[in-house]
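J.: dropping a prediction and its sequence here:
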Amino acid sequence: MDTLTVKRGDKHDVKLLIGNPPMDLSAGVTKVHVKPSTGTDPAQVFNATLSGNEVLWSLDGTLPVGNYLLEVQVTVGGFIVTAPNDGMMNLIVMQDLA
């Protein structure tokens, strides 16, 4: 399982790659879903953009310190493509020094 690590309050772009998609995703609506790895809190949904197979997610600094599960969903017409398709990514938001 891949892991992405960022610091609390980070505001920058993150690039995620969708490997071997089953269809052309270029006209799709792209969302990043982030859910705490423990507990029953609902997932937060963030808008993202897609260029080819590369997802660009702009961090807005709002995620608190913790461990999360992350997946990308691209909706094209009536189809939904989820990545990674073999599980979830780990997202770790670490405390910063400032």
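T.: That came through fine. Numbering: from 1, shown residues only.

J.: got a list of what Leu56 touches?
T.: Residues near Leu56 by C-beta atoms under 8 Å, 6 or more residues apart in numbering: 13-15, 48-50. For glycine as for every other residue, the C-beta is placed from the backbone atoms N, C-alpha and C.

J.: could I get those as CSV with secondary structure and distance to Ile80?
T.: Output for those, formatted as CSV (DSSP: H, G, I helix; E, B strand; the rest coil; distance: C-beta to C-beta, whole Å):
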residue, secondary structure, distance to Ile80
Asp13, strand, 24
Val14, strand, 21
Lys15, strand, 21
Ala48, strand, 14
Thr49, strand, 17
Leu50, strand, 13
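
J.: what about burial for the residues you listed, which qualify?
T.: 14, 48, 50 (16 or more other C-beta atoms under 10 Å).

J.: so which of the residues you listed comes closest to Val72?
T.: Val72 lies nearest to Ala48 out of the buried ones among the contacts of Leu56, by C-beta to C-beta, at 7.0 Å.

J.: wait, the closest one sits on Leu70?
T.: No: the pair Ala48 / Leu70 is not scored as a contact, 11.1 Å apart, by C-beta atoms under 8 Å.

J.: okay, and the common contacts of the two?
T.: Counting by C-beta under 8 Å, 6+ apart, the residues touching both Ala48 and Leu70 are Val32.

J.: who's Glu71 bridged to?
T.: His33 (DSSP bridges).

J.: that one - how many residues pack around it?
T.: The tally of other residues near Glu71 (other C-beta atoms under 10 Å) stands at 18.

J.: confidence score at it?
T.: Glu71 carries a pLDDT score of 95 in this model.
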